[in-house]
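>>> Let me see the structure of the following:
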Amino acid sequence: MTKRILLTVLVLIITTGVLFAGGQQGGQPAGGASGAKIAVPFAGTEGATAGQSRMMQEVADILNASGRFDVKVYVAGALPGDTDNLVTQARLGVNLVVPSDPGRLASQFNIPDLNILMAPYILTDYTILEKLPQIALYKEWQAELEKQGIVLIADMFNGFRSFYTTTPVNNLAGLSGLRIRGFGNAIGQALAKYLGYAQTTVNATDIYAGVQAKTLDGCEIQAATADSYRLYEVTKYLALTKHYMLQSSFVCGKALLDGMPAADREFFVKTVYDTAAKYSGIIAQEEQGYYDGFKAKGITVTEVNLAEFQNAIAPLYTNNDLNMTPGIKDRLFRELGL
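Numbers count the residues shown, from 1 in each chain. From the prediction side, this is the model:
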């Protein structure tokens, strides 16, 4: 464990000690014979109005209404650490549920094949996410994560990612040389490589300040989060490349679930899964409204030639930059019935 992770874990425990009150010992959830409520913090980096944040709050409301849980939701980076760091804390035993994504998990836990779920222009229909937990491939990924102390509970559609910039991007050439905040994982690096921009990794909550300070020329992000961060105030151009079908992968430490009584664990997992499925539909319906809202706020929205961007990305797969198992796409599509 690095000194940085140790420090962050200590800060989290100290600053959010209230999260572990109410009958918990040693960071383990209360419950069982004691009858104490199970304290579970949800920690995300997106703004309060983003679909992911609203989804977590609805989960909290449902669980808390049962009388068995004490769930609190922290958004917009309210708890210390970026997404990867929060997931690491969960794996190390801190009681947290964190929305990550398949690309991050693939890099963080060395499961390259997970990248296929977030690879550019591979999955384009959010409704297939409800089928994922039923297929053998997904169950294999869940098992690999559990061996490393993390439970993948559900994947939720969280919008298509596109480019929000300070200069116009009407075609592929428009990205050349721009300093763009994106994913710092293998997928993010590959996207930057083939689309020709300079990948810059900062916390999502620092994008606004980075653009203001002119250390960033923009970012690639989903519409709801762009709106919740008020990026329309600092980026005046949106190129609808829709290169990722972003998913929020809700994960927690294995110890958290193992410490719950069986009935509570089943209720907890089902609530997260069902609410994720519900909000996948809500986010899909809201997305066009965000684009219309950006236009009303003065952003120039450009419908780019998607074929140009898809062709630029194609070598990513022939070169296998993501180190995925040959044929993984065909297997995924076959098991999903695509």
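>>> need the contact list for the residue lying closest to Ile282 once chain neighbours are set aside.
Using C-beta to C-beta, 6 or more residues apart in numbering and skipping the chain neighbours, the partner closest in space to Ile282 is Gly51 (6.2 Å). Bear in mind the C-beta positions are built from the backbone N, C-alpha and C, glycine included. When contacts are counted by C-beta atoms under 8 Å, 6 or more residues apart in numbering, Gly51 touches 158-159, 224, 279, 282-283, 286.
>>> Helices - which of the residues you listed land there?
Residues of these located in helices (DSSP state H): 224, 279, 282-283, 286.
>>> want to try a markdown table for those, with distance to Asn305 as columns?
Formatted as a markdown table, the ones in helices among the contacts of Gly51 follow (distance: C-beta to C-beta, whole Å):
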| residue | distance to Asn305 |
| --- | --- |
| Ala224 | 25 |
| Tyr279 | 31 |
| Ile282 | 30 |
| Ile283 | 25 |
| Glu286 | 26 |
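>>> Go through the contacts of Gly51 and name the one nearest Ser248.
Closest approach to Ser248 among these (C-beta to C-beta): Asn158, at 4.6 Å.
>>> tell me the pLDDT at that closest one?
In the predicted model, Asn158 carries a pLDDT score of 96.
>>> Over to the one 3 residues further on?
Arg161 is assigned 97 on the pLDDT scale.
>>> Would you agree it falls within a helix?
No. Counting by DSSP: H, G, I helix; E, B strand; the rest coil, Arg161 is not found in a helix; it is strand.
>>> In terms of helices and strands, where is the nearest residue to it once chain neighbours are set aside?
Excluding the flanking residues, the one nearest Arg161 by C-beta to C-beta, 6+ apart is Tyr244, at 4.2 Å. Following DSSP states H and E, one finds Tyr244 within strand 237-253.
>>> What's the first helix or strand after that strand?
Note on strand 237-253: by DSSP H and E, the next helix or strand toward the C-terminus is helix 254-258.
>>> Which residues does that next one contact?
Contacts of helix 254-258 (C-beta under 8 Å, 6+ apart): 28-29, 40, 90, 93, 95-97, 146, 149-151, 265, 268-269.
>>> Could I get the full set of strands for the stretch 201-338 of the chain?
218-222, 237-253, 300-302 (DSSP state E, counting those that start in this stretch).
>>> Now do the nearest residue to Asp82 once chain neighbours are set aside: how many residues are near it, please.
Nearest residue to Asp82 in three dimensions, chain neighbours excluded: Asn203, at 5.2 Å (C-beta to C-beta, 6+ apart). If you count neighbours by other C-beta atoms under 10 Å, Asn203 ends up with 15.
>>> Hmm, Asn203 is touching Pro80, no?
No. Look at Asn203 against Pro80 with C-beta atoms under 8 Å: they stay out of range, at 10.9 Å.
>>> can you pull out the helices in the protein?
Remark: helices assigned in the chain by DSSP H are 3-15, 51-65, 83-91, 102-108, 136-147, 186-195, 207-212, 223-228, 254-258, 262-296, 306-318, 328-336.
>>> mind putting the ones you listed in a markdown table, mean pLDDT included?
Formatted as a markdown table, the helices of the chain follow (pLDDT from 0 to 100):
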| stretch | mean pLDDT |
| --- | --- |
| helix 3-15 | 43 |
| helix 51-65 | 97 |
| helix 83-91 | 96 |
| helix 102-108 | 96 |
| helix 136-147 | 98 |
| helix 186-195 | 96 |
| helix 207-212 | 98 |
| helix 223-228 | 93 |
| helix 254-258 | 97 |
| helix 262-296 | 97 |
| helix 306-318 | 97 |
| helix 328-336 | 97 |
